[in-house]
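**Student:** Mind folding the following:
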Amino acid sequence: MSELHEIALQILSKGKGILAADESTATMTKRLDSVNVVSDENNRLLFRQTLFSSSSMKDCIGGVILYDETIRQKTSNGKTIPELIHSSGSLTGIKVDTGAKILAGSKEEKVTEGLDGLRERLKDYYKLGARFTKWRGVYSISDKYPSNLSISANAHALARYAALVQEAGMVPIIEPEVLMNGNHSAKDCLNKTSEVIKKCYEELELNNVDLKGTILKPNMILPGENSNEKISNEEIAELTLECLKNNVPTSVPGIAFLSGGQTEIEATANLNQINVKNNTDFIMTYSYGRALQQSALKFWSKDINNINGTQEVFDHRARMCTLAAQGKWSKNLENPK
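**Tutor:** Numbering: from 1, shown residues only. Below is the predicted model:
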C-alpha cells in the first residue's frame with residue numbers, strides 16, 4: 001500500500017469524516033456577520049480553535065481542511081494549528097486553489113485558478129504540516145450549462161493540481177461541485193454531474209495521477225433549490241450511488257460528500273441513506289463545512305467564551321455525521337440544542 005493510499009484511508013476510515021474549515025477571510029466574515037460577531041483574526045482563530053480542540057475530533061474527524069491564514073496561526077498555548085489538529089489523531093489539509101474566476105470563452109461560467117506557483121506553495125504547506133489538499137471546481141446547471149468548455153477546463157485544472165500535490169507527497173481532494181442553484185430536476189443533476197465526474201477521471205488518468213492516493217468530494221444528486229421537485233432521502237441515495245458507480249473508478253478509496261447548502265439534518269439524513277444503500281467498495285463519508293459548524297457557530301455567538309458549551313454542540317453534530325457515515329443514524333438521536 002502506498003503512503004498516499006494510507007493517508008487517504010486514515011482520513012476516511014471507521015466513519016471518520018472531514019471538517020471543511022477552509023472558508024476564506026471574506027466568507028468567514030459573512031458567517032460571523034450573520035451572527036453579529038466581529039470578524040477579526042482573533043475571533044476567527046478562537047472559533048476554529050474551539051472546534052479543533054473538541055473531544056469529537058479524536059473519534060469523528062479524520063482531517064481538517066484549513067485556509068492559508070489558519071495554517072499559519074498559533075493557539076493561545078503556543079501550539080501551531082496543525083499541531084493541535086495532529087494531537088487528536090487527525091490530519092491537516094489545506095485549500096490551495098485561489099478561487100473561481102470568469103471563464104474566457106463562456107462568461108457566465110467559471111474556472112478555478114491557482115496553478116501558477118502551486119509547486120512552491122505546496123512545499124511550504126508540507127513544511128507547515130499539511131498532508132492533504134483541496135481544489136474546488138464549480139459548475140452551474142441551466143439549459144446551456146455546464147458547457148463542454150467549462151467541464152473540460154475545470155477537469156484539466158483539477159488534474160494538473162492533483163499531479164502536483166502527489167508530487168509533493170500529499171493527497172489531493174478532487175472537488176467538482178455541481179451547484180444546487182437553479183430550478184433543474186434531480187435527473188438533470190444526475191446527467192450533468194455524471195458528465196463532470198467522467199471528464200475529471202479522464203484528465204486525472206491522462207496526468208498519471210495515482211487514484212488510490214486521492215479522495216473525491218462530490219455533490220449529492222439533488223433537484224435545484226428553486227425546483228418544485230421533492231424527492232425522498234432514498235431517491236437521493238439511489239441517484240447518487242448510480243452516478244458514482246457509473247463514473248468513479250474502483251481504485252478510488254473513498255468519497256467525502258460536500259453538503260452544498262443542505263441543512264445539517266438534510267446532509268446527515270442523506271449521507272445515512274447513501275450508506276444504508278451503499279453496495280460498492282467505496283468508503284462514503286462527509287466533508288462538511290456549514291453542515292458541521294452552523295449550530296456551533298450560532299451557539300458560540302451568544303457567548304464567545306463559552307468554550308465547553310460550543311464544543312458540546314459541535315461534538316453532537318460530528319457524532320451524528322459519523323453515525324451517518326456508517327448507516328447508523330436515525331432522527332430520534334438528534335437533540336434540540
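**Student:** Quick check: the gap between Val38 and Arg44.
**Tutor:** 10 Å (CB to CB, to the nearest Å). Bear in mind the C-beta positions are built from the backbone N, C-alpha and C, glycine included.
**Student:** Would you confirm that His316 contacts Leu333?
**Tutor:** No. Contact criterion CB atoms under 8 Å: His316 and Leu333 do not qualify, at 9.2 Å.
**Student:** Could you check which of the two is surrounded by more residues?
**Tutor:** Neighbour totals were compared for His316 and Leu333, and His316 leads with 17 against 13 (other CB atoms under 10 Å).
**Student:** Am I right that that one sits in a helix?
**Tutor:** Yes. Under DSSP: H, G, I helix; E, B strand; the rest coil, His316 sits within a helix.
**Student:** picking that back up, now for Val38 and Arg44: what residues contact both?
**Tutor:** Jointly contacting Val38 and Arg44 under the rule CB atoms under 8 Å, 6 or more residues apart in numbering are Leu32.
**Student:** Contacts only, for Gly213.
**Tutor:** By CB under 8 Å, 6+ apart, the contact list for Gly213 reads Ser2, Glu3, Leu4, His5, Ile7, Ala8, Gln166, Val171, Pro172.
**Student:** Kindly apply the preceding question to Leu158 instead.
**Tutor:** Going by CB under 8 Å, 6+ apart, Leu158 touches Thr112, Trp135, Gly137, Ile174, Glu175, Pro176, Cys200, Glu203, Leu204.
**Student:** Pull stretch 83-100 out as PDB, backbone CA atoms only.
**Tutor:** What follows is stretch 83-100 as a C-alpha-only set of coordinates in PDB (Å, rounded to 0.1, in the frame of the first residue of the first chain):
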ATOM      1  CA  GLU A  83       0.000  20.600  15.900                       C
ATOM      2  CA  LEU A  84      -3.400  21.000  17.700                       C
ATOM      3  CA  ILE A  85      -5.100  19.000  14.900                       C
ATOM      4  CA  HIS A  86      -2.500  16.300  14.900                       C
ATOM      5  CA  SER A  87      -2.700  15.900  18.700                       C
ATOM      6  CA  SER A  88      -6.200  14.500  18.200                       C
ATOM      7  CA  GLY A  89      -5.000  12.000  15.600                       C
ATOM      8  CA  SER A  90      -6.500  14.000  12.800                       C
ATOM      9  CA  LEU A  91      -4.600  15.200   9.700                       C
ATOM     10  CA  THR A  92      -4.200  18.800   8.400                       C
ATOM     11  CA  GLY A  93      -5.400  19.700   4.900                       C
ATOM     12  CA  ILE A  94      -5.100  23.000   3.000                       C
ATOM     13  CA  LYS A  95      -7.200  24.700   0.400                       C
ATOM     14  CA  VAL A  96      -4.800  25.600  -2.400                       C
ATOM     15  CA  ASP A  97      -6.900  27.000  -5.200                       C
ATOM     16  CA  THR A  98      -7.300  30.800  -5.500                       C
ATOM     17  CA  GLY A  99     -10.900  30.800  -6.400                       C
ATOM     18  CA  ALA A 100     -13.300  30.500  -9.400                       C
END
